[in-house]
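Asker: With the sequence up front, the predicted model follows.
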Amino acid sequence: MVLNASPAPDRLDNLPKELIETVSVLIANTVEAGRLLGRVFSSNESQMAASELAKRLNIETVVVTAGASGSAVDCKGEILYQPTYF
């Protein structure tokens, strides 16, 4: 299942465990990732945010978007970064 965590709850604890167990792909932006993890990520920290979410939630693939700064994905521990095209 793909979960777009928008709008994100204030903490990971507010996501139902039963839901997280079914998720194989999580999509969030840096603000939402920060809300879930209880910290602030800058738009340049999308790779770190993706990695932390993947580890904490044990989700195979996490995509973190960062607007004009591009996006990052953690796929089974491999971190990839995609800059924007403009």
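Answerer: Arrived safely, thanks for sending. Numbering: from 1, shown residues only.

Asker: alpha carbons only for contacts and neighbour counts from here, please
Answerer: Noted.

Asker: Tell me the pLDDT of N14.
Answerer: Note on N14: pLDDT of 83.

Asker: and the least confident helix or strand in the chain by mean pLDDT, how far from the chain's centre?
Answerer: Counting by mean pLDDT, DSSP states H and E, the chain has its least confident helix or strand at helix 17-20, which shows a mean of 90. Its chain's C-alpha centre and that of helix 17-20 lie 16 Å apart, by CA atoms, centre = their mean, to the nearest Å.

Asker: Would you tell me what the next helix or strand after that helix is?
Answerer: As assigned by DSSP states H and E, the chain's next helix or strand after helix 17-20 is strand 25-29.

Asker: so what strands line up beside that following strand?
Answerer: Partners of strand 25-29 in the sheet, by DSSP bridges, are strand 2-4 (parallel), strand 61-65 (parallel).

Asker: Render the CA-only coordinates of stretch 54-63 in CSV, please.
Answerer: Presented in CSV, the C-alpha positions along stretch 54-63 are these (Å, rounded to 0.1, in the frame of the first residue of the first chain):
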residue,chain,number,x,y,z
ALA,A,54,12.3,4.3,6.8
LYS,A,55,14.2,3.0,9.8
ARG,A,56,11.7,4.2,12.5
LEU,A,57,8.7,2.8,10.7
ASN,A,58,10.4,-0.2,9.1
ILE,A,59,8.9,0.8,5.7
GLU,A,60,10.6,-0.5,2.5
THR,A,61,10.4,2.7,0.5
VAL,A,62,10.1,6.3,1.8
VAL,A,63,9.9,9.3,-0.5
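
Asker: That stretch: which residues count as buried?
Answerer: Residues 54, 59, 61-63 are the ones in stretch 54-63 that count as buried (16 or more other CA atoms under 10 Å).

Asker: could you pull out the helices for the chain?
Answerer: Counting by DSSP state H, one finds helices in the chain at the ranges 17-20, 30-37, 46-57.
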